[in-house]
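In: Only the shape, not the letters, is given here:
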Ligand SMILES: Cc1cc2nc3c(=O)[nH]c(=O)nc-3n(C[C@H](O)[C@H](O)[C@H](O)COP(=O)(O)OP(=O)(O)OC[C@H]3O[C@@H](n4cnc5c(N)ncnc54)[C@H](O)[C@@H]3O)c2cc1C
């Protein structure tokens, strides 16, 4: 099952407000693109997806994520 | 001139110093009678410290600025005697709704828990907040509030600070032990002392329109990303007092502020949003830009910076005045102890440590919101729209939608004033935490809420089932704490009974205190005067309390 509930967390860091770990991730994600041109950004995104995909490993789950990612984008 | 509000004009009174050749010396001068300077003066005056409060103007904040006052600021304003007026006049709300294009994608509730006295937010025009604080300041005889008194020079010294003050009737000098700079974002005092404030400016402009209209929308915060009526930009709607509604339209960096302020440009934008049939009148229009920045330290010898003078944030999150009021809450008791000679002046360093930590948290959160709301560059915008698109279907993405993380208090978990836990506790009332409120019964009188029983000096909260069962040795130990150099007033929280020896007793009528503080019979909390937790234990140990008190009052060996 692909996890679709909010699941961001930062082990060993005590946070007091629920949005903090997700916001910290999002900031790091945007920051990863600082000073890159479009081609470099696309490459960083591709590499990031590959790294995370390998971490997940389960190809069934990855197919499910790919399906959801495409869904609204191609008028589905 | 507004339709719903008349700005008061406070009289200039010729200061006696103009006619005296000697420079008068006073304990404390506060510069700036905005919400933060007024709060500072009230806090100190309620501690019996006389204050001269100087402001270069003679009225309240003009136009539409601060709107949202958060639960924690309201709890502090309760202590300053104006919380109830703010809540009565303002519009209380807890729910925020976020729309992407024409669909709702996310809804948050600021206070999902029941049994808290104050709401998550109250919306009220800043001029009302200031007016109420001024009324309160005028009730306090030890506040000498001087309008049309502009500070034009400051000379810091080892033992005193001297300011030069200009008035319509001439200039004079005044010296003090402590100068509190609450003179706003442009802080002339910061400049005169040549101190830096660092951070970043955001390349965007927002149009503010206050409109008067009758509408029965629920009291909620509504935020739109890329709505059909203002494509490509964001819009925010808030209800304020007197049927005045505040609308913020994102304009982009290239907008011409003078053009955009013209009614013939503003009115069509509002019509597009509200529909052609809705009747409204324009109350106020302005265009703002914003920045996130802070001073490195908030204390510079005998000059102490608070509020916008020390730090500024973007308005998303309403962390400006709210955090300034928390600065003062943190500073007041420390300055009192230092002035009484009961704590070393190093205690004031902890004001800077704790409040720069809070400012960083505020800046971090408001910067993240700003980056989400006004993405710069294609990649940021693509990720933002991907989050909003996914949020329609999947809860995880709703948690990433950031239309402003609204002002909440900092947990000073790294503060040197904390004594780390040695016993096991559940929940979030850790050392450094701001106290959670809870309903109580006060058999001997007083408010039916926990927080109003805290906030003047240190308190020791001790939990029991039956307060009457407090043993004689502990009762004597508690009484001794009240007689120390830095007195600690005991307070018993119990299910029933009254503590012996006249010790104040509260009844935990709904069990919320027990739940929120993870209380067991015998549990003890040492609470700072600003309602933050200093230390806690599972049993009463006078030596441990004494050590924690020394630490919390800056006397660590
Ligand atoms: C568009 C907008 C929306 C905002 N929304 C919110 C919100 O929803 N919630 C929130 O909490 N905050 C909000 N803020 C921020 C809030 O307005 C400020 O944080 C707040 O006013 C800061 O208070 P202050 O007392 O530090 O400074 P100020 O309010 O700026 O007061 C400074 C005072 O110092 C006086 N002064 C200046 N120089 C001198 C001098 N040389 N001598 C004597 N007196 C002097 C001035 O006359 C003034 O009265 C918003 C701000 C803006 C612009």
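Out: Okay, I see it. Model, not experiment: these values are computed from the prediction.

In: got a list of what the closest residue in space to residue B:533 that isn't next to it in sequence touches?
Out: Leaving aside its sequence neighbours, residue B:533 sits nearest to residue B:433 (Cβ to Cβ, 6 or more residues apart in numbering or on different chains; 4.9 Å). In this view, the C-beta of every residue, glycine as well, is placed from N, C-alpha and C. Contacts for residue B:433 (Cβ atoms under 8 Å, 6 or more residues apart in numbering or on different chains) come out as A:16, B:411, B:413, B:532, B:533.

In: number of nearby residues for residue B:152?
Out: Around residue B:152 there are 12 other residues, counting by other Cβ atoms under 10 Å in any protein chain shown.

In: what's the pLDDT at it?
Out: Looking at residue B:152, its pLDDT reads 98.

In: How much space separates the residue nearest the centre of chain B from residue A:8?
Out: Using Cα atoms, centre = their mean, the residue of chain B that lies closest to the mean C-alpha position is residue B:322, 2.8 Å off. According to Cβ to Cβ, to the nearest Å, residue B:322 and residue A:8 sit 26 Å apart.

In: isn't residue B:223 right up against residue B:236?
Out: Yes - applying Cβ atoms under 8 Å, one finds residue B:223 in contact with residue B:236, separated by 5.2 Å.

In: which neighbours do those two share?
Out: Common neighbours of residue B:223 and residue B:236 (Cβ under 8 Å, 6+ apart) are B:403, B:404.

In: Within its local environment, how many residues does the spatially closest residue to residue B:484 that is not a sequence neighbour see?
Out: Leaving out its chain neighbours, the residue that sits closest to residue B:484 by Cβ to Cβ, 6+ apart is residue B:549, at 7.5 Å. Per other Cβ under 10 Å, the neighbour tally for residue B:549 reads 23.

In: Quick one: residues contacting the residue of chain A found nearest the ligand.
Out: Closest contact between chain A and the ligand, by Cβ to the nearest ligand atom, is at residue A:17 (17.4 Å). Contact analysis of residue A:17 by Cβ under 8 Å, 6+ apart lists B:405, B:408.

In: Does it lie in a helix or a strand, and which?
Out: Using DSSP states H and E, residue A:17 maps to neither a helix nor a strand.

In: Kindly report the same for the one 4 residues further on.
Out: When elements are assigned from DSSP H and E, residue A:21 belongs to helix A:20-31.

In: remind me which residues of the chain are low pLDDT?
Out: No chain in the question, so chain A it is. By pLDDT under 70, the weakly predicted segments of chain A are A:75-76.

In: my bad, chain B
Out: B:1, B:557.

In: Looking at it, what residue ends up closest to chain A?
Out: For chain B and chain A, the shortest gap (Cβ to the nearest Cβ) falls at residue B:399, measuring 3.8 Å.

In: tell me the contacts of that residue?
Out: A:6, A:8, A:18, A:19, A:22.

In: export those residues to CSV and tack on neighbour count?
Out: As requested, the contacts of residue B:399 are arranged in CSV below (neighbours: other Cβ atoms under 10 Å in any protein chain shown):
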residue, neighbour count
A:6, 17
A:8, 16
A:18, 13
A:19, 20
A:22, 23
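
In: picking that back up, for the contacts of residue B:433, which one is nearest residue B:376?
Out: Each of the contacts of residue B:433 was checked against residue B:376 using Cβ to Cβ; the closest is residue A:16, at 29.2 Å.

In: so the closest one sits right up against residue B:411, yeah?
Out: Yes - under the criterion of Cβ under 8 Å, residue A:16 makes contact with residue B:411 at 5.1 Å.

In: In terms of packing, which of the two has more residues around it?
Out: Neighbours of residue A:16 and residue B:411, each counted by other Cβ under 10 Å, are more numerous for residue B:411; the result is 23 against 14.

In: The more buried one contacts residue B:435, correct?
Out: No - assessed by Cβ under 8 Å, residue B:411 is found out of contact with residue B:435, at 11.2 Å.

In: out of all of them, which helix in chain A is the longest?
Out: helix A:38-56 (DSSP state H).

In: what's the helix or strand just after that one in contact with?
Out: Next along the chain after helix A:38-56, taking DSSP H and E as the criterion, comes helix A:59-71. With Cβ under 8 Å, 6+ apart as the test, helix A:59-71 has contacts from A:1, A:2, A:53, A:56, A:76, B:393, B:394.

In: again with stretch B:207-216
Out: B:3-4, B:64, B:125, B:240, B:242-249, B:251, B:255, B:260-261, B:266, B:269-270, B:274, B:278-288.

In: again with stretch B:187-199
Out: So stretch B:187-199 is contacted by B:31, B:151-154, B:156, B:179, B:181, B:183, B:291-296, B:300, B:303, B:305, B:308-312, B:363 (Cβ under 8 Å, 6+ apart).

In: Is the closest residue to chain B within chain A in a helix, a strand, or coil?
Out: Closest contact between chain A and chain B, by Cβ to the nearest Cβ, is at residue A:6 (3.8 Å). Residue A:6 falls in the coil class when you classify it by DSSP: H, G, I helix; E, B strand; the rest coil.

In: Phi first, then psi, for it.
Out: In terms of degrees, to the nearest 10, the main-chain angles of residue A:6 are phi -60, psi 130.

In: Next, the contact list for it, please.
Out: So residue A:6 contacts A:18, A:22, B:395, B:396, B:398, B:399 (Cβ under 8 Å, 6+ apart).

In: The fifth one: how many residues sit nearby?
Out: This points to residue B:398. Residue B:398 - counted by other Cβ under 10 Å - has 20 other residues nearby.

In: Kindly report the same for residue A:5.
Out: Residues lying near residue A:5 (other Cβ under 10 Å) number 8.

In: what's the nearest residue to it if we skip its chain neighbours?
Out: Of all residues not flanking residue A:5 in the chain, residue B:395 sits nearest, at 5.3 Å (Cβ to Cβ, 6+ apart).

In: For the one you found, give me its contacts.
Out: So residue B:395 contacts A:4, A:5, A:6 (Cβ under 8 Å, 6+ apart).

In: How many neighbouring residues does residue B:252 have?
Out: 12.

In: Look up how far residue B:156 lies from the residue of chain A closest to the ligand.
Out: Using Cβ to Cβ, one obtains 38 Å as the distance from residue A:17 to residue B:156.
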